[in-house]
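1. From the sequence below, what's the structure:
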Amino acid sequence: MANPDVLIIGGGPAGYACAIRLAQLGKRVVVVERDRLGGICLNRGCIPVKTLLHAASIVRNASEGRRLGLLFQAPNIDLVALFGHKARVVDRLVRGVEYLFKANGVELIHGEVKFTSPDQVTVTTADGEMNLTADRFVVATGSRPAALPGMEPDGKKVVDSDNALQMVELPNRLAIIGAGVIGLEFTTIFSRLGCKVVVFELLKQVLPGIDQDLVCIIERQMRREGVEFHLGTEVQEIARATPVRIKYLEGETEQILETDRVLVAAGRKPLSDEVGLDWAGVKTDKQGFIKVDSSFRTSAERTYAIGDVKGGPLLAHKAMAEGIALAEMLGSDGKRWKFRAVPFCVYTDPEVAMVGLSEQEAKAQGRKVKVSRVPLNAVGRSLTLGRSEGICKMVVDEASGRILGVGMVAPQADVLIAEAAVAVELGLTAEQVGRVVHPHPTMSELLFETARSISGKAIHIVNR
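-> Below you'll find the predicted structure:
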């Protein structure tokens with residue numbers, strides 16, 4: 001085969017977006033992927049998890065029907081059928097990416113790849129080995145679940161986020177170690193499907209690092225639904241017996257919890273140690289993330305890195321944006337996409353979404369800010385959905401009126417945050433957003449009222 005203009009290692013969101021855009025710009029592109037196209041997000045992350053979250057939302061909606069005079073029996077959950085549906089969704093989307101590769105002329109090679117020099121890789125496939133060179137190399141190998149010492153997953157008693165998507169039966173009791181994004185999304189799934197869920201978190205709040213005004217609502221909602229939290233708690237040991245015994249330290253008191261299964265949700269680590277980066281002259285930090293400059297270039301002149309493997313927020317949409325940005329920088333049209341506003345979503349129920357600076361971050365930068373908070377129940381649409389608890393919080397630069405950041409807890413927050421991202425990216429003011437007519441009755445009015453509240457002009461709350 002002819003050597004390509006660009007060889008991309010990894011076919012996840014960063015890699016496949018970069019490949020398709022480069023091909024659109026007339027470049028010859030080869031992608032080497034050892035598993036299936038779509039990466040972790042499509043196969044074992046975003047898409048399958050959100051499919052299960054949708055099922056969990058159906059269970060909740062049915063249970064709430066009683067308030068509306070709609071009576072349903074308790075659900076009989078066929079986990080094999082549910083996971084089969086999840087697999088079909090994933091398969092369809094993988095085939096979609098494969099089709100886009102063919103339609104755009106991107107060549108896909110299934111195999112393991114390693115650098116053998118700064119300008120050559122060896123690809124091992126089912127048919128043997130081949131050596132390839134390229135004008136440019138892009139490392140987009142993504143990330144994998146992080147393991148905690150002594151709590152490594154065995155796929156049976158102790159599982160990680162990958163294993164959790166392959167269960168064939170629901171445990172009656174499930175302990176989740178980690179109250180970050182992954183931990184709380186799986187908490188939502190399994191508690192709604194009928195498991196008794198207990199969550200352990202070393203730090204003293206759920207979703208560490210996220211504005212307390214937002215996370216307290218989610219914690220309160222989950223506790224109300226029966227989730228048990230142990231915050232500021234250190235898990236010391238897991239005894240893989242029947243039942244599983246977790247020894248943990250709460251304050252100065254050592255305690256034991258018995259459970260059927262443990263899900264370790266300890267975050268993710270970069271997949272940077274399997275492609276021979278040393279041979280390419282690519283440097284990483286102590287955690288294994290690849291070091292890059294503002295143009296995604298690594299310490300090796302011809303090699304770039306995008307997506308999870310280079311660090312920063314480990315988000316699929318950020319990875320896609322980086323893939324497109326790099327492609328347009330390397331491509332023939334010379335365009336360069338520099339983005340500032342990257343939304344962040346947590347798919348609990350209700351969802352949590354943020355973009356830009358939080359109040360704490362803005363003040364830490366020495367900015368003088370104005371902050372508005374509008375409760376969810378100020379918007380009529382929330383009550384029609386049976387959701388009254390939530391908030392929208394806006395942080396605005398005091399001098400210019402520009403929106404610096406927005407955080408919200410609300411149904412459809414994952415969709416609503418896109419408008420806030422546009423505002424932050426384009427430097428719009430709260431006044432400008434508050435002068436755009438939003439449809440009624442919709443959840444979008446939550447952002448509208450919050451923007452107007454900055455200057456005391458909101459209609460559906462008492463302005464203070």
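
2. what residue is smack in the middle of this protein?
-> The C-alpha lying nearest the average C-alpha coordinate of the chain belongs to residue 315 (CA atoms, centre = their mean; 4.7 Å).

3. quick one: that one and residue 342 touch, right?
-> Yes - judged on CB atoms under 8 Å, residue 315 makes contact with residue 342 at a distance of 6.7 Å. Glycine gets a C-beta too; all of them are placed from N, C-alpha and C.

4. Now the phi/psi pair for the residue nearest to the centre of the chain, please.
-> With angles defined as degrees, to the nearest 10, residue 315 sits at phi -130, psi 140.

5. Could you do the one 5 residues further on as well?
-> Backbone torsions of residue 320, given as degrees, to the nearest 10, read phi -60, psi -40.

6. residue ranges with poor pLDDT in this structure?
-> Within the chain, the stretches with pLDDT under 70 are 1-2, 333-334.

7. how's the protein carved up into domains?
-> If you go by automatic domain parsing, the domain ranges for the chain are 6-145+269-330, 158-266, 344-453.

8. Please point out which parts of stretch 176-193 sit buried.
-> Buried residues in stretch 176-193, counting neighbours by 16 or more other CB atoms under 10 Å, are found at 176-193.

9. ugh, typo on my part, it should be stretch 415-435
-> Buried positions in stretch 415-435, judged by neighbour count with 16+ other CB under 10 Å: 416-417, 419-421, 423-425, 428-431, 433-434.

10. What strands flank the host helix or strand of residue 122, and is each parallel or antiparallel?
-> Residue 122 is part of strand 120-125, with elements assigned from DSSP states H and E. Its sheet considered, strand 120-125 pairs with strand 112-117 (antiparallel), strand 128-132 (antiparallel) by DSSP bridges.

11. Just the CA coordinates for stretch 447-464, please, in PDB.
-> This file holds the C-alpha atoms of stretch 447-464, laid out as PDB (Å, rounded to 0.1, in the frame of the first residue of the first chain):
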ATOM      1  CA  LEU A 447     -31.400  30.300  30.700                       C
ATOM      2  CA  PHE A 448     -33.500  33.300  29.500                       C
ATOM      3  CA  GLU A 449     -34.700  34.100  33.000                       C
ATOM      4  CA  THR A 450     -31.200  33.600  34.500                       C
ATOM      5  CA  ALA A 451     -29.700  36.000  31.900                       C
ATOM      6  CA  ARG A 452     -32.300  38.700  32.700                       C
ATOM      7  CA  SER A 453     -31.900  38.100  36.400                       C
ATOM      8  CA  ILE A 454     -28.300  39.400  36.300                       C
ATOM      9  CA  SER A 455     -29.700  43.000  35.900                       C
ATOM     10  CA  GLY A 456     -32.900  42.500  38.000                       C
ATOM     11  CA  LYS A 457     -35.200  42.000  35.000                       C
ATOM     12  CA  ALA A 458     -36.400  38.500  35.400                       C
ATOM     13  CA  ILE A 459     -40.200  38.000  35.300                       C
ATOM     14  CA  HIS A 460     -40.800  34.700  37.000                       C
ATOM     15  CA  ILE A 461     -38.800  35.200  40.200                       C
ATOM     16  CA  VAL A 462     -38.500  38.000  42.700                       C
ATOM     17  CA  ASN A 463     -35.400  40.000  41.700                       C
ATOM     18  CA  ARG A 464     -33.000  40.700  44.500                       C
END
